[in-house]
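J.: Task: produce atomic coordinates for the following.
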Amino acid sequence: MKFISVLLVACLTFISCNQKTTEAKKEEAMTEDQLIAKAKEIHKNVITLDTHCDINIKNFTDSINYTQDLNSQITLPKMKKGGLDVAWFIVYTGQDSLTTEGFEKAHKIAMSKFDAIHRLVDTIAPNQIELALTSEDVRRIHKSGKKVAMIGIENGYPVGTDINNVKKFYDLGGRYMSLSHNGHSQLCDSNTGEADDVWLHNGLSDLGKEVVAEMNKWGMMIDVSHPSKESMRQMIELSKAPIIASHSSARALCDHSRNLDDEQLQWLKENGGVVQTVAFTSYLNTEKFEKRVVKEVEIGKQIADSMGVTWLEREEVMKLSSEEKETYYDFLGKMAAIRRAKVKKMNNLPPAVDVVDFVNHIDYMVDKIGIEHVGISSDFDGGGGIEGWSDASETFNVTLELVKRGYTEAQIEKLWSGNLLRVLDEVQKVASALQKG
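T.: Numbering: from 1, shown residues only. Below you'll find the predicted structure:
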């Protein structure tokens, strides 16, 4: 029986790959105009979903908000122009000291971001965007013609030592959470430990293990994009539900600790989860990134100087307090917008990491673990953005590149939203069973 199952999976994989090859040959025979027309039709038909869009609460006020075409990479006008249907807005908190004071500050920051997202959907633009809590919500809201907001939590640090905060964040709309960010949290080790091989918990802490169980209980997806490899292994071992990597790419193509290596990809496949390929330059093509970044840093420093801000290296930023980091990230967001506009007018720059590099990672992971386990994310306003998908207004270009590679509409639907929503459904199904006892 086991042999028959393996044979069946092999046959289905062969059929899927063969189908993609056939489609690719058809695309080669199509003109550019025909390819664009086909991609536009597919882009209109599928629900496009981006699992990682950072926010600045200063863009969620009565006078400055996402109904306007701000310099930020994600706004409602940009979503409409690019055909991006679902944006996961991120409740991000930078890592600080593992103290009561640190936890309390982080909790306040997290709550301010939850409040900002609710303000957008409840008060600022309720006729344009609505908060979704389930896959059914996503489809209903999309059908109504509105854009869809969802909430992810980047860093479990604001949970503090109170396990009840998991349910609190869930009730506020949080549907995934990573247990750490850049730096070890009270819950688990971060991927950043690779730099000096110094670890705090050797994976999950005891509290982190409790948080995993609590997330399973309430239906919150576990995000492994920032935790260490050992943390990920332990999370999969403990979790009763599939996991996600909300914004990571393939380490085999770009050797960065934020990406997943082949062993991690296999774990994720066996777990039934999904990795959301991220459009982040330094996680996609090291050679192109390193050549280009030298010039972009030069431009960034010039802009910083004109704004009266001292440019900080990454190591210096990591030493800042949470409030100082928020202020500096605010500057980086403004600087990046100015730089994007400036770079577009410049010639003779080294080639930028682009949509082709991005879809190379999608191709690799689809071939490695199957199309059911791969999705899409941008990390807009958090450092993400590439040539061709520099903000939400250019979302169509991703679909166009997928069509050029021979992906079918059904496959593109899985990549853009189907796989992620399937995992959300399974996580919530597990939660329902756990709550019933």
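
J.: how about residue 50, secondary structure?
T.: strand (DSSP: H, G, I helix; E, B strand; the rest coil).

J.: list the contacts for it?
T.: 84, 86-88, 376-378, 380, 392, 395 (CB atoms under 8 Å, 6 or more residues apart in numbering). The C-beta positions use only the backbone N, C-alpha and C, and glycine is treated the same way.

J.: That one bridge partners, please.
T.: residue 87 (DSSP bridges).

J.: Any figure for the gap between it and residue 99?
T.: Residue 50 sits 34 Å away from residue 99, going by CB to CB, to the nearest Å.

J.: Please apply the same query to residue 129.
T.: 37 Å.

J.: same check, this time on residue 225
T.: From residue 225 to residue 99 the distance is 25 Å (CB to CB).

J.: How about residue 145?
T.: 47 Å.

J.: Let me see the ranges of the helices in the stretch 301-437 of the chain.
T.: Secondary structure of the stretch 301-437 of the chain by DSSP state H, counting those that start in this stretch: the helices cover 314-318, 322-344, 355-369, 396-404, 409-413, 419-436.

J.: Can you say which of those helices is nearest to residue 169?
T.: Closest to residue 169 of those, according to CB to CB: helix 419-436, at 14.1 Å.

J.: most neighbours per residue, which of the helices of the stretch 301-437 of the chain?
T.: Highest mean neighbour count of these: helix 396-404, a mean of 23 (counted as mean count of other CB atoms under 10 Å).

J.: Which other helices and strands does it contact?
T.: In terms of contacts (3 or more CB pairs under 8 Å, 6 or more residues apart in numbering; DSSP states H and E), helix 396-404 is packed against helix 32-45, helix 355-369, helix 409-413.

J.: That helix to helix 32-45, inter-axis angle?
T.: Here the directions of helix 396-404 and helix 32-45 differ by 110 degrees (axes from the mean of the first three to the mean of the last three CA atoms, to 10 degrees).

J.: Distance check, the nearest residue to residue 432 once chain neighbours are set aside against residue 207.
T.: Nearest non-adjacent residue to residue 432, counting by CB to CB, 6 or more residues apart in numbering: residue 219, 7.5 Å away. Residue 219 sits at a distance of 20 Å from residue 207 (criterion: CB to CB).

J.: For the stretch 1-150 of the chain, which segments count as helices?
T.: 2-29, 32-45, 76-82, 100-119, 135-144.

J.: The ones you listed: lowest mean pLDDT?
T.: Within those, the stretch with the lowest mean pLDDT is helix 2-29, showing a mean of 54.

J.: which residues does residue 235 contact?
T.: Neighbours of residue 235 in contact, by CB under 8 Å, 6+ apart: 179, 188, 204, 212, 222, 224, 227, 243.

J.: Please identify which of those residues is nearest to residue 171.
T.: residue 222 (17.8 Å).

J.: The closest one sits in which helix or strand?
T.: If you go by DSSP states H and E, residue 222 is part of strand 221-223.

J.: got it, and residue 151?
T.: strand 147-154.

J.: who has more neighbours, residue 145 and residue 99?
T.: residue 99 (11 against 8; other CB atoms under 10 Å).

J.: before we move on, the earlier item: wait, which of the contacts of residue 235 is closest to residue 335?
T.: residue 227 (29.0 Å).

J.: got a list of what the closest one touches?
T.: Neighbours of residue 227 in contact, by CB under 8 Å, 6+ apart: 178-180, 188-191, 235.
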